[in-house]
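> after the sequence you'll find the predicted model.
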Amino acid sequence: MPVRSHFAISSKKGDGNVRVVVDASFAGAWLLPDEASARAEKTLKRVLVEDALLCVPRLWIYELANLLISAERRKRITREQLVQGHQLIDQIPRTTFDHEPLLARERMSTIAERYKLSAYDAAYLELADRLQCALLTLDKKLRVAAKAVGLPD
């Protein structure tokens with residue numbers, strides 16, 4: 001089964017005023033056939049037609065690359081699916097945010113400590129909190145933390 005390559009960039013333009021932060025666990029459903037979900041596909045379609053603005057920390061691209069490489073090593077996907085996955089990632093419109101500024105790193109560290117998260121997960125939560133938007137994740141601990149922070153669903 002090919003990676004979600006049937007999605008193509010649409011020329012339809014939406015207002016893109018709905019921002020959403022999507023972590024690698026949620027985006028994995030776009031790339032791995034055995035993790036596909038209706039909610040993930042709906043989100044991807046909204047992003048592709050620019051009805052929603054995907055916001056991600058800089059580490060997102062590396063996490064997705066690692067997810068694809070690990071899936072190929074474990075024989076969950078083929079080499080062709082890995083390549084298709086990278087092509088899909090390149091097609092997904094997104095705004096990338098950096099955590100280089102000291103304030104963002106300090107907030108990320110505080111969030112990681114408070115909610116017992118990795119720095120990677122805290123980066124997603126910090127960004128969603130900064131933007132006051134939903135954080136889509138399959139990670140239960142991260143979902144609980146997002147709810148505790150008061151982020152929208």
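On my side now, so go ahead.
> where does this protein dip in pLDDT?
Scanning the chain for pLDDT under 70 picks out the ranges 1-16.
> quick one: the strands in it, in order.
Ranges of strands in the chain, per DSSP state E, are 18-22, 52-57, 95-97, 134-136.
> export those strands to TSV and tack on mean neighbour count and distance to residue 120?
Backbone N, C-alpha and C define where each C-beta goes, glycine included. Converted to TSV, those look like this (neighbours: other CB atoms under 10 Å; distance: least, CB to CB, whole Å):
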stretch	mean neighbour count	distance to residue 120
strand 18-22	21	13
strand 52-57	22	8
strand 95-97	14	14
strand 134-136	23	13
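> residue 87 is nearest to which of the ones you listed?
Closest to residue 87 of the strands of the chain is strand 52-57 (CB to CB; 16.7 Å).
> give me the sheet partners of the closest one and which way each runs.
According to DSSP bridges, strand 52-57 forms sheet pairs with strand 18-22 (parallel), strand 95-97 (parallel).
> between those, which one is closest to residue 73.
Smallest distance to residue 73 across these (CB to CB): 23.7 Å, for strand 18-22.
> surely residue 59 meets residue 126?
No - Residue 59 is beyond contact range of residue 126, at 11.6 Å (criterion: CB atoms under 8 Å).
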